[in-house]
Structure formats: C-alpha cells, structure tokens
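Enquirer: Here is a sequence together with a model predicted from it:
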Amino acid sequence: MWLLDRVRSHLERTAPLAKDGRGEPVDIEVKAAAAVLLLEAAHGDETYIWKEERALLRGLESAFGIGRKETRALLARAEEIRPPVLRLDDVTEVLATRLSEAQREIVLALLWQVIDADAVLEPWEASFAEHATKALGLSPEQGARARTRARRGRD
C-alpha cells in the first residue's frame, strides 16, 4: 500500500466510540464516564506513572476520535469528579446504557491497556477489571476477549 493510500485510510477510519449505541454522536457524559473509569484503573495501585497516562491519552484519543488538547481537558475534568465525588456505579451505568455491547468491550480493552501499562498486574487491578466487566454488562468471555484485544493493541 502506498503511503498516500495509508494516510487516506487512516483519516477515513472512524473512531469506535465517536457515536453511541444508537448512532448518535457521544456527549461529554459518556466521554467523562469512560475517562473516570480509566483513571480509577490508573490510580488503583497508588502509583500513577507516565506509561498509564500515555495509555489513557492514546486510548481516549483513538476511541473517541478527539485531539490531545480535548483529551487533556477531559482527563482534567474526570480527575475532578472521580470518586468519592461521583460513584463508580453511576459511571458504569452511563456506559452500560449508552454504548453498545461491542463498544463496552472496547472500553474494557482500554481499561486493560491502562492496567497493563506498568507491566505489573496487582490483585486489586484484576479484581477491578472483573468488577468493571460485570458492571458493564459483559460476560467473562467478553472480558477475556477485551484483555486479548488490549494486549494486541499494545504489541
């Protein structure tokens, strides 16, 4: 494939979370819910490192099709409303009701990318991912598929 064809293909590709489960453009509530969930995974092991931040930034940018400036603003807002300000159940409910099953699997894959960013899986992180899988209305098989997808995306 020629370079120009690859660039065109990249530009024409749509972001998987740019529209909600009904095909409408996602609003800030969905974006913020995803960002809060991913931030909780990043902060879960008490050490928020640059690799986790990079996974967060890249994941949100590509999934929602937004730029770096918008992503940083989204993360700043998500930091402000993280639990205990906002309940995690409220966050997962927004995602579970507004996104399709396939899209929720993408969110879970992003969560796994953040968890795996530091190459150390803490017991709390595995438990959190399992809880997120259930809260997003996904099966254990879908959770495993999301983790595999996350690993492929990272390699």
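Expert: Great, that's in hand.

Enquirer: mind listing what's buried in stretch 57-73?
Expert: The neighbour-count criterion (16 or more other C-beta atoms under 10 Å) identifies Arg58, Gly59, Leu60, Glu61, Ser62, Ala63, Phe64, Gly65, Ile66, Thr71 as the buried residues of stretch 57-73. From N, CA and C alone the C-beta is placed, and that goes for glycine too.

Enquirer: Now render these as a markdown table, adding pLDDT, secondary structure and distance to Ala15.
Expert: Below are the buried residues of stretch 57-73 laid out as a markdown table (pLDDT from 0 to 100; DSSP: H, G, I helix; E, B strand; the rest coil; distance: C-beta to C-beta, whole Å):
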| residue | pLDDT | secondary structure | distance to Ala15 |
| --- | --- | --- | --- |
| Arg58 | 95 | helix | 12 |
| Gly59 | 95 | helix | 11 |
| Leu60 | 97 | helix | 10 |
| Glu61 | 96 | helix | 9 |
| Ser62 | 94 | helix | 6 |
| Ala63 | 96 | helix | 6 |
| Phe64 | 97 | helix | 6 |
| Gly65 | 95 | coil | 3 |
| Ile66 | 95 | coil | 8 |
| Thr71 | 96 | helix | 12 |
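
Enquirer: Let me know the closest of these to Leu136.
Expert: Closest approach to Leu136 among the buried residues of stretch 57-73 (C-beta to C-beta): Ala63, at 14.3 Å.

Enquirer: from what I can see the closest one touches Ala34, true?
Expert: Yes. Between Ala63 and Ala34 a contact is recorded at 7.4 Å, counting by C-beta atoms under 8 Å.

Enquirer: any shared contact partners between these two?
Expert: Leu17, Val107, Leu110 (C-beta atoms under 8 Å, 6 or more residues apart in numbering).

Enquirer: Give me the three-state assignment for the last one.
Expert: Counting by DSSP: H, G, I helix; E, B strand; the rest coil, the backbone at Leu110 sits in helix.

Enquirer: Neighbours of it, how many?
Expert: 27 (other C-beta atoms under 10 Å).

Enquirer: Chain neighbours aside, what residue packs nearest to it?
Expert: Gly59 (4.1 Å; C-beta to C-beta, 6 or more residues apart in numbering).

Enquirer: and what of the first one?
Expert: Excluding the flanking residues, the one nearest Leu17 by C-beta to C-beta, 6+ apart is Ala63, at 4.3 Å.
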